[in-house]
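*Asks:* Pasted the sequence and its predicted model underneath.
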Amino acid sequence: MSSLSVSDTTPSVIVEDVSVTYKTTFERRPTLRSFVTSLGRGEKTVREVEAVKHVSFSIPHGTVLGIVGANGAGKSTLVRTIAGILPPTAGRIDVYGRVSTLLALGVGFNKNLSGRDNVRLGGLAAGLPTEQLEEKYEEIVEFAELADFMDMPMRTYSSGMYGRLAFSVAVNMDPDILIIDEALSVGDARFRRKSTNKMKELCGQARTIVLVSHALGTVRDLCDQAIWLDHGVLRMWDEPDAVIDAYTDFLEVGQDAVTLEDV
Amino acid sequence: MTTAPTTAPHHRENDFAEQHHVYEPHLVGLPPLVPYLKEAWRRRRFAIELSRTKLRAQHYNTVFGQLWLVLNPLLLAGVYFILVDILRGGSSRPGFFAHLVAGIFAYHLVSDAVRDGTKSVVSGGRLILNSAFPRVLLPIASVVSAAKRFIPCVIIYIPVHIASGLPIGPSLLYAAPLFVLLLIMATGLAMIVGAVQVYFRDLKNLMPYLLRVWLFASPVLYYAYEMPEKYRFLLYVNPLGELLSAWSDAINLGQPPSATELLVASAWAFGLLIVGFLYFVSREREFAVRL
């Protein structure tokens, strides 16, 4: 399946025959009332989702790995499993280093709290020591260019501002492994350029990055390797060009301006 | 496929450690508990800060904010005092109002933690979706908040105690271990309701009724010894029964808790803590897909 070799480099992440199955409810807000009322009718309120099926790959240290696939292919689930948020149902994942996920550190988890509180609490939950957090805080605010807004509740933020802060937190935490889930295209054109530059800088620092994106152009530009997930199955693991060609052929969309849309 | 067969033993490592993480299916849904507790302890500042920030958002840090928080249980005590005193034909013991206030404040400590704990996980939203940390810190933060809100209650109680002419002395310290048991019980319950709320989002609406019944079943609006024979079982069936009975005797009469009271109350408190913790931890990995 793969033409890539990892024999000469130490891996950052090893994913071994991992499957993730979870139960979820049909309703967005399950209630006791609907549970009790549906009992009599014998309706199933829970369904099982096989999000990731027997996926194996590894990410060598310092590699930028792109993950492509249609909506619902299990990309986000896979990434959450690598980040330790969801446990695998089968298989094993080894991760060497500290993981930072984008939208990570839970920025914006409580919209009534200020941006400052959200960043601090997210950092503390991630286990960062307080001193390190204070140090990073200034960098985060400066990069996000939100100094005037940090003491305002996050419900007053625009989605662009929210995205800028989340991106800034993730990239400024000096993670060993950075996981970015489809959120590169945040903010205005200027901030996008800035974030792309930051990404390139991070890629250049021999950091391991996992990039989940629908912007195939970005994957092609930034990544060293790519995997393609289809309905939870690993279809391909190869050079980005080869994976993107196969993926776009599969989708029969062709490589037009929309699929290659830059960040 | 390039995965080399790993001959290394599949040792179960710390889920949240800094360096090497191993993620494997959890045995009976439980992560390795010792590392889990270690990591939770390492991140205890998160629970403390979360409680502090939330209280600040509720203007708890202002004088009037604190006054408001105390006013609620105090008014409740006043209302119940009138009700109970009239029902008894105005023949309450002199220390009864102090018993009522102390009881309601203690009950409020637990019910506050439980009410706040119900929302603790669900309000974690994005934090739960996007970062890995021991989720027990969320209901624990609710208990920290409840404990902080209890402090002004102590200050309000002092004049009530003095005005009722109750004994003041080191014997009041008998209440200290009981206070710890209240916190332990509140922690266990907050974990249970926090997890259940993820599955049944209307639990929050049910809580006020459950908590009201719980208050009536506890020896707060009456003395434990006044309970009719056929209701005495409530002292043992109700987790707060023996505990609040001992609480009242310690504060009102300066009496040490009896062995039975201490045993039953401890069994309930630690039992609920252990059950709540294990239940919460066995469920917590599902929260990310259920929110």
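*Replies:* On my side now, so go ahead.
*Asks:* Nearest to chain A within chain B, name that residue for me.
*Replies:* For chain B and chain A, the shortest gap (C-beta to the nearest C-beta) falls at B:L127, measuring 3.0 Å. The C-beta positions use only the backbone N, C-alpha and C, and glycine is treated the same way.
*Asks:* My read is that that residue contacts A:A125, right?
*Replies:* Yes: using C-beta atoms under 8 Å, B:L127 is in contact with A:A125, at 6.0 Å.
*Asks:* hmm, back to that, I'd like to know how many residues surround the residue of chain B closest to chain A.
*Replies:* Per other C-beta atoms under 10 Å in any protein chain shown, the neighbour tally for B:L127 reads 26.
*Asks:* before we move on, what about B:A259?
*Replies:* When neighbours are counted by other C-beta under 10 Å, B:A259 comes out with 8.
*Asks:* ok, back up a step: ok so the residue of chain B closest to chain A is a helix residue?
*Replies:* Yes: applying DSSP: H, G, I helix; E, B strand; the rest coil, one finds B:L127 inside a helix.
*Asks:* Now stretch B:258-268: buried residues?
*Replies:* For stretch B:258-268, a neighbour-count test (16 or more other C-beta atoms under 10 Å in any protein chain shown) marks B:E261, B:L262, B:V264, B:A265, B:S266, B:W268 as buried.
*Asks:* show me what contacts the third one?
*Replies:* Contacts of B:V264 were listed using C-beta atoms under 8 Å, 6 or more residues apart in numbering or on different chains, and they are B:L235, B:Y236, B:G241, B:E242, B:L243.
*Asks:* so where do the helices sit in the stretch 151-263 of chain A?
*Replies:* A:159-172, A:189-204, A:216-222, A:240-251 (DSSP state H, counting those that start in this stretch).
*Asks:* And the pLDDT at the residue of chain B closest to chain A?
*Replies:* At B:L127, the model reports a pLDDT of 82.
*Asks:* what do you get for B:R115?
*Replies:* Looking at B:R115, its pLDDT is 94.
*Asks:* Around A:L78, how many other residues sit close by?
*Replies:* 29.
*Asks:* right, is the one helix or strand it maps to up against chain B?
*Replies:* Remark: A:L78 resides in helix A:75-82, with elements defined by DSSP states H and E. Yes: with C-beta under 8 Å from any C-beta of the partner chain as the criterion, chain B is reached by helix A:75-82 at A:R80, A:T81, A:I82.
*Asks:* Let me have the contacts of B:V264 in JSON lines, adding distance to A:I244, neighbour count and pLDDT as columns.
*Replies:* Formatted as JSON lines, these follow (distance: C-beta to C-beta, whole Å; neighbours: other C-beta atoms under 10 Å in any protein chain shown; pLDDT from 0 to 100):
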{"residue": "B:L235", "distance to A:I244": "70", "neighbour count": "21", "pLDDT": "91"}
{"residue": "B:Y236", "distance to A:I244": "68", "neighbour count": "13", "pLDDT": "93"}
{"residue": "B:G241", "distance to A:I244": "67", "neighbour count": "23", "pLDDT": "95"}
{"residue": "B:E242", "distance to A:I244": "68", "neighbour count": "26", "pLDDT": "95"}
{"residue": "B:L243", "distance to A:I244": "65", "neighbour count": "28", "pLDDT": "96"}
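*Asks:* Go back to these and keep what's next to chain A.
*Replies:* Among the contacts of B:V264, none lies close to chain A by the criterion of C-beta under 8 Å from any C-beta.
*Asks:* Any chance of those residues in JSON lines with secondary structure as columns?
*Replies:* Converted to JSON lines, the contacts of B:V264 look like this (three-state DSSP):
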{"residue": "B:L235", "secondary structure": "helix"}
{"residue": "B:Y236", "secondary structure": "helix"}
{"residue": "B:G241", "secondary structure": "helix"}
{"residue": "B:E242", "secondary structure": "helix"}
{"residue": "B:L243", "secondary structure": "helix"}
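*Asks:* wait, which of the helices of the stretch 151-263 of chain A is closest to A:E48?
*Replies:* helix A:240-251 (26.3 Å; C-beta to C-beta).
*Asks:* Now do the same for the closest residue in space to A:T208 that isn't next to it in sequence: helix, strand or coil?
*Replies:* Once flanking residues are discounted, A:T208 sits nearest to A:S12: 4.0 Å by C-beta to C-beta, 6 or more residues apart in numbering or on different chains. Classification of A:S12 using three-state DSSP returns strand.
*Asks:* which ones are touching A:S12?
*Replies:* A:I59, A:P60, A:H61, A:G62, A:T63, A:V95, A:Y96, A:G97, A:D176, A:I177, A:T208.
*Asks:* So which of these sit within strands?
*Replies:* A:I59, A:P60, A:V95, A:Y96, A:I177, A:T208 (DSSP state E).
*Asks:* Pick out the most distant pair among those residues.
*Replies:* A:P60 and A:V95 (13.3 Å).
*Asks:* what bits of the chain have low per-residue confidence?
*Replies:* No chain in the question, so chain A it is. A:1-9, A:26-28, A:40-45, A:101-109, A:182-187, A:253-263 (pLDDT under 70).
*Asks:* um, chain B though
*Replies:* Residues of chain B that meet the cut-off, pLDDT under 70, sit at B:1-18, B:26-29.
*Asks:* wait, A:P87 sits on B:E284?
*Replies:* No: using C-beta under 8 Å, A:P87 is not in contact with B:E284; the gap is 10.0 Å.
*Asks:* Comparing these two, which residue is more hemmed in?
*Replies:* Neighbours per residue, other C-beta under 10 Å: of A:P87 and B:E284, the larger number sits with B:E284, 24 against 21.
*Asks:* Could you give the number of residues near B:S91?
*Replies:* Other residues near B:S91 number 7, with proximity taken as other C-beta under 10 Å.
*Asks:* whoops, I mixed them up, B:A163
*Replies:* The burial count assigned to B:A163 is 10, neighbours taken as other C-beta under 10 Å.
*Asks:* Tell me the spacing between it and A:G91.
*Replies:* As judged by C-beta to C-beta, to the nearest Å, B:A163 and A:G91 stand 67 Å apart.
*Asks:* And the most centrally placed residue in chain A, how far from chain B?
*Replies:* With distances taken as C-alpha atoms, centre = their mean, A:D181 lies nearest the centre of chain A, 2.8 Å away. Taking C-beta to the nearest C-beta, to the nearest Å as the measure, A:D181 falls 9 Å from chain B.
*Asks:* Would you mind measuring from that residue to B:A195?
*Replies:* Between A:D181 and B:A195 the distance is 26 Å, computed by C-beta to C-beta.
*Asks:* circling back to that earlier point, just the residues of helix A:75-82 next to chain B now: which is nearest B:R93?
*Replies:* A:R80 (59.7 Å).
*Asks:* I'd guessed the closest one sits against B:F287; true?
*Replies:* No: A:R80 is beyond contact range of B:F287, at 11.8 Å (criterion: C-beta under 8 Å).
*Asks:* between A:P60 and A:V95, who's got more neighbours?
*Replies:* The neighbour count for A:P60 versus A:V95, taken as other C-beta under 10 Å, is higher for A:V95 (26 against 20).
*Asks:* Can you give me every residue that contacts the more buried one?
*Replies:* Counted by C-beta under 8 Å, 6+ apart, A:V95 has contacts A:S12, A:V13, A:I82, A:G84, A:I177, B:H20, B:H21, B:V22, B:Y23.
*Asks:* Any chance of the residues you listed in CSV with distance to A:D230 as columns?
*Replies:* Output for the contacts of A:V95, formatted as CSV (distance: C-beta to C-beta, whole Å):
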residue, distance to A:D230
A:S12, 24
A:V13, 21
A:I82, 18
A:G84, 25
A:I177, 24
B:H20, 31
B:H21, 27
B:V22, 27
B:Y23, 23
